[in-house]
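Undergrad: Here's my sequence, what's the structure:
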Amino acid sequence: MAKKKLNIALVSLHSCPLGQPGGRDTGGMNVYICELARSLGNSGHQVDIYTRAHDPRDDVWEFLAPNVRLIHIQAGPVEDMGKLAQYEHLESFVCGLEAFRKAEGIKYDLIHSHYWLSARAGLALSKLWEVPHLVMFHTLGKVKNRLMQAQVDPQLRLDAEQNIVHETDLIIAATQNEKNDLISLYQAEPDKIRVIPCGVNTRLFSITDRAEAEAELGLSAAPKALFVGRLEKLKGLDNLLKAVSLIEADMELLVVGGDEYSQGERNRLEKVAEELAISDKVKFYGSVKQDVLVKYYNAAKVCIVPSYYESFGMVILEAMACGTPVISGRVGVAPDIIRPGINGCLIPGNEPEQLAVCLKEWLYQKNANHKAIRAMTEEYTWQSVSAQIEFVYYGILDPETAGVA
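TA: A predicted model of the protein is given here:
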């Protein structure tokens with residue numbers, strides 16, 4: 001007998017899930033939330049994504065996909081603001097969300113929060129509604145601070161994450177490494193953690209002709225390496241630029257990502273490229289829509305992830321779904337999917353010399369088997385991921401609540 005279809009509240013307070021990837025608050029988490037919601041909706045579940053209203057042009061709610069609504073809750077000024085600034089409006093967000101729920105007459109079976117800010121709201125709502133609360137952190141403050149050897153994230157976040165780890169009902173980690181970090185740095189109970197990877201939209205990210213992609217984007221015929229992501233020091237772009245400076249042969253580095261909030265970092269990186277005498281090789285394109293991003297993946301001979309830290313690294317899956325090999329350190333999903341010499345290069349860290357060796361190999365020496373690389377992403381479809389998430393949802397609900405229809 002079929003299991004009961006669920007009413008699910010996905011909470012993503014700090015940014016709109018529909019933003020373009022590569023911006024200040026629009027990384028892989030936003031893609032994750034939208035794709036997971038769509039897949040759950042396709043399975044017949046009712047999914048409401050709650051976010052903070054940040055644009056007066058947005059409707060109170062809109063359909064994102066069948067059975068999926070995106071709901072904007074006013075909490076503080078209806079404008080963009082930094083993550084920490086939104087902390088002051090958490091109580092207002094919770095009250096606004098509850099008022100909307102009451103007006104709609106909805107009873108949710110569970111709450112799935114994303115990121116520590118949203119999880120603070122999710123904990124309050126789970127107690128109010130007496131339903132289970134799951135959280136996915138996507139990034140961890142203590143890990144970032146440890147890797148950068150500096151107080152990248154404030155104590156407020158670290159304390160909040162510590163509290164969430166112990167108060168929430170279940171944590172979903174994207175990798176075994178993330179689970180290990182939760183246990184060692186936050187003293188999380190191993191039994192409260194489920195490891196489920198992120199996914200990739202293999203219909204959108206697919207193999208196309210490189211020459212056609214180059215022509216559509218107005219690119220040259222030079223061998224291209226691609227970086228996709230936010231412009232911040234944690235992403236390791238300084239080391240990547242130094243690696244490019246070690247390559248004398250003809251090439252280009254395409255940098256996709258960044259928005260108005262990261263203009264200062266882009267200016268700094270452009271200056272670094274100038275000092276390294278590689279300005280002619282490095283092209284910055286800002287953030288782009290996903291259907292355009294596909295073309296950049298296909299235009300590149302190799303994609304590079306030089307990050308100091310990735311909780312998962314969805315760029316790796318997107319590139320490989322397009323048949324493009326990936327160079328990465330041992331971050332996120334990279335150790336699980338990269339097979340050196342076959343679909344990319346896995347290096348111990350992100351030192352420029354290591355990156356340069358791999359860049360030379362995949363730009364000039366190896367010919368990628370695009371279909372074979374794409375095939376390695378088959379177990380990471382969103383259908384597979386959502387089925388695993390759905391299993392966890394039913395498992396956390398008691399038999400009477402989960403039930404059968």
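Undergrad: which residue ranges form the helices in the stretch 151-300 of the chain?
TA: With DSSP state H, counting those that start in this stretch as the criterion, the stretch 151-300 of the chain has helices at 155-167, 176-186, 210-217, 237-245, 263-275, 290-299.
Undergrad: what's the average pLDDT for the fourth one?
TA: When pLDDT is averaged over helix 237-245, the result is 98.
Undergrad: by contact count, what packs against that helix?
TA: When contacts are defined as 3 or more CB pairs under 8 Å, 6 or more residues apart in numbering; DSSP states H and E, helix 237-245 sits against strand 224-228, strand 252-256, helix 263-275, helix 352-360. Just so you know, the C-beta spots here come from the backbone N, C-alpha and C atoms, and that holds for glycine as well.
Undergrad: Let's have the helices of the stretch 151-300 of the chain in a markdown table, adding mean neighbour count and distance to Leu117.
TA: A markdown table is the format used below for the helices of the stretch 151-300 of the chain (neighbours: other CB atoms under 10 Å; distance: least, CB to CB, whole Å):
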| stretch | mean neighbour count | distance to Leu117 |
| --- | --- | --- |
| helix 155-167 | 17 | 8 |
| helix 176-186 | 18 | 17 |
| helix 210-217 | 16 | 36 |
| helix 237-245 | 22 | 26 |
| helix 263-275 | 15 | 22 |
| helix 290-299 | 20 | 24 |
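Undergrad: and these as JSON lines, adding distance to Tyr32?
TA: Listed next are those as JSON lines, based on distance: least, CB to CB, whole Å:
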{"stretch": "helix 155-167", "distance to Tyr32": "18"}
{"stretch": "helix 176-186", "distance to Tyr32": "14"}
{"stretch": "helix 210-217", "distance to Tyr32": "25"}
{"stretch": "helix 237-245", "distance to Tyr32": "23"}
{"stretch": "helix 263-275", "distance to Tyr32": "24"}
{"stretch": "helix 290-299", "distance to Tyr32": "13"}
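Undergrad: Show me the shaky parts of the stretch 251-400 of the chain.
TA: By pLDDT under 70, the weakly predicted segments of the stretch 251-400 of the chain are 399-400.
Undergrad: Now with 90, please.
TA: Within the stretch 251-400 of the chain, the stretches with pLDDT under 90 are 259-261, 398-400.
Undergrad: Pull the number of nearby residues for the closest residue to Leu246 other than its chain neighbours.
TA: Nearest non-adjacent residue to Leu246, counting by CB to CB, 6 or more residues apart in numbering: Ala356, 4.1 Å away. Residues lying near Ala356 (other CB atoms under 10 Å) number 18.
Undergrad: Quick check: Ala356 vs Asn369, distance?
TA: 23 Å (CB to CB, to the nearest Å).
Undergrad: can you check Glu379 too?
TA: In this view, Glu379 and Asn369 are 18 Å apart by CB to CB.
Undergrad: Check Asp259 too.
TA: Per CB to CB, Asp259 is found 35 Å from Asn369.
Undergrad: per-residue confidence at the nearest residue to Gln46 once chain neighbours are set aside?
TA: Distances taken as CB to CB, 6+ apart place Asn7 nearest to Gln46, at 4.8 Å, with adjacent residues excluded. At Asn7, the model reports a pLDDT of 98.
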